[in-house]
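In: Model the structure of this input:
(4 chains)
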There are 2 protein chains.
Amino acid sequence: MLKISQKTEYAIRAVVELALRAGQGPVPAREIADAQGIPLRFLEQQLSALGKSGLVESFRGAGGGALLAKEPSEIRVADVVDAIEGPFFPMHCLDPSDHTCFQDSRCGIQGLWGEVQSAVRLVFERMTVADLALQHRHIAPESAMWSPEDLLKPSRS
Amino acid sequence: MLKISQKTEYAIRAVVELALRAGQGPVPAREIADAQGIPLRFLEQQLSALGKSGLVESFRGAGGGALLAKEPSEIRVADVVDAIEGPFFPMHCLDPSDHTCFQDSRCGIQGLWGEVQSAVRLVFERMTVADLALQHRHIAPESAMWSPEDLLKPSRS
DNA sequence: CCCGAATCCGACCTTTTCAATAGGGTTCCG
DNA sequence: CGGAACCCTATTGAAAAGGTCGGATTCGGG
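Out: The predicted structure follows:
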């Protein structure tokens, strides 16, 4: 319950990786996948979704890859989440297009779920990719953020 | 992603129903199920979980049923959620007993999920069953909260 | 012009989780 | 004793999550 999907985690990591390499030309999905430990073919799908939402731009063919379409500080986590997951409703009765329970507000519990929704949205809206990238750089300036083997390598170009 | 489970919704509705009938002796699961439109056998399981966490007391045999073990104002939504779902971690890396990613905080994104967790917990901790019951009574003083047929019946004892 | 690097697209598959159902046992009141 | 009620465990069916695959397209460099 209330689990964040792996898809979303991967997408955010990808975008952070792109932020860290901003201004260095297109980054191939392959490199993002390696750096962040994401299955390549799976990552491609999320990258495609990010592209369709206009968050990243991508170039095909040799020398191609992806880069951020906006400044990292202009991309909120909420934008990434929306691109990957679509509109977020913690309970179906909050979804205007759902008619399983009537939402003429006879249900007192609906308000509770509404508060959950707002609370989560607020977190997603006030944090940007730039914030995450900065935090990451601060914590792990030289190595990739999670991969155990990376800790053994002397450095990384 | 980030969906609240039906189990939890049912459990909360059940507890609210019990709050509305507090002081009227044990309420059979059957009646809760009817009033709230919950499959009986399914409800029983949640009621059992609530019992094990000490939120409701139950009595077997004829004339038996369930009643709240504490004042509605003493039961937070968080207590119900914990009883049904166990500890809540929106991402596995927040779980101290999980070692899929190391949580030596090399990962900058972990902080984001932590904020989501806190935000949701806060909502659950500051709202009590009494609040929900009050809200419900205020909105739908005479009928059950959601069942369409109930709107057609003249009243309910 | 061709080869290899890379994205793009949609179908497929496997595992897990969710929601619900089922069977059978136990306890208690009258 | 009989029926009302809870109690416990297992099973099922459907859906979603997580990942894989084949192949098409597009580009740059030799």
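In: I'd assumed A:W113 was in a helix, is it?
Out: Yes. When DSSP: H, G, I helix; E, B strand; the rest coil is applied, A:W113 is found to be in a helix.
In: number of nearby residues for it?
Out: Neighbour count for A:W113, taken as other Cβ atoms under 10 Å in any protein chain shown: 20. Placement of C-beta: from N, CA and C, glycine included.
In: Quickly note the distance from it to DNA strand D.
Out: For A:W113, the distance to DNA strand D (Cβ to the nearest atom of the strand, to the nearest Å) stands at 17 Å.
In: Pull the contacting residues for that residue.
Out: A:90-91, A:93-94, B:4 (Cβ atoms under 8 Å, 6 or more residues apart in numbering or on different chains).
In: For A:R21, state which of the residues you listed is nearest.
Out: Using Cβ to Cβ, A:P90 comes nearest to A:R21 of these, at 34.1 Å.
In: SS state for the closest one?
Out: Per three-state DSSP, A:P90 ends up coil.
In: and the gap between it and B:E115?
Out: Look at A:P90 and B:E115: by Cβ to Cβ, to the nearest Å, they are 16 Å apart.
In: Between those two, point out the one with more neighbours.
Out: A side-by-side neighbour count of A:P90 and B:E115, using other Cβ under 10 Å, places A:P90 first with 22 against 19.
In: mind listing what that one touches?
Out: Applying Cβ under 8 Å, 6+ apart, we find A:P90 in contact with A:2, A:113, A:116-117, A:120, B:2-4.
In: and with 7 Å instead?
Out: Going by Cβ atoms under 7 Å, 6 or more residues apart in numbering or on different chains, A:P90 touches A:113, A:116-117, B:2-4.
In: ditto for A:A78
Out: Applying Cβ under 7 Å, 6+ apart, we find A:A78 in contact with A:121, A:124-125.
In: A:L132: what's its closest spatial neighbour, skipping adjacent residues?
Out: Using Cβ to Cβ, 6 or more residues apart in numbering or on different chains and skipping residues adjacent in sequence, the residue nearest A:L132 is A:V16, 5.0 Å away.
In: Count residues in the vicinity of that neighbour, would you?
Out: 26.
In: I figured it was touching A:V129, is that so?
Out: Yes. Using Cβ atoms under 7 Å, A:V16 is in contact with A:V129, at 6.2 Å.
In: Contacts only, for the residue nearest to A:F42 when sequence neighbours are not counted.
Out: Among residues not flanking A:F42 along the chain, A:Y10 sits closest, at 7.0 Å (Cβ to Cβ, 6+ apart). A:Y10 makes contacts with A:38, A:42-43, A:46, as judged by Cβ under 7 Å, 6+ apart.
In: Please list only the buried members of these.
Out: For those, a burial check counting by 16 or more other Cβ atoms under 10 Å in any protein chain shown picks out A:38, A:43, A:46.
In: Can you list the low-confidence ranges for chain A?
Out: Residues of chain A that meet the criterion pLDDT under 70 lie in A:101-106, A:139-157.
In: As a check, name the ranges of all strands in it.
Out: With strands called from DSSP state E, chain A shows them at A:56-59, A:65-68.
In: of all those strands, which lies closest to A:Q24?
Out: strand A:65-68 (8.5 Å).
In: by contact count, what packs against that closest one?
Out: helix A:6-20, strand A:56-59 (3 or more Cβ pairs under 7 Å, 6 or more residues apart in numbering or on different chains; DSSP states H and E).
In: at 8 Å what do you get?
Out: Secondary-structure packing of strand A:65-68 (3 or more Cβ pairs under 8 Å, 6 or more residues apart in numbering or on different chains; DSSP states H and E): helix A:6-20, helix A:29-36, helix A:40-52, strand A:56-59.
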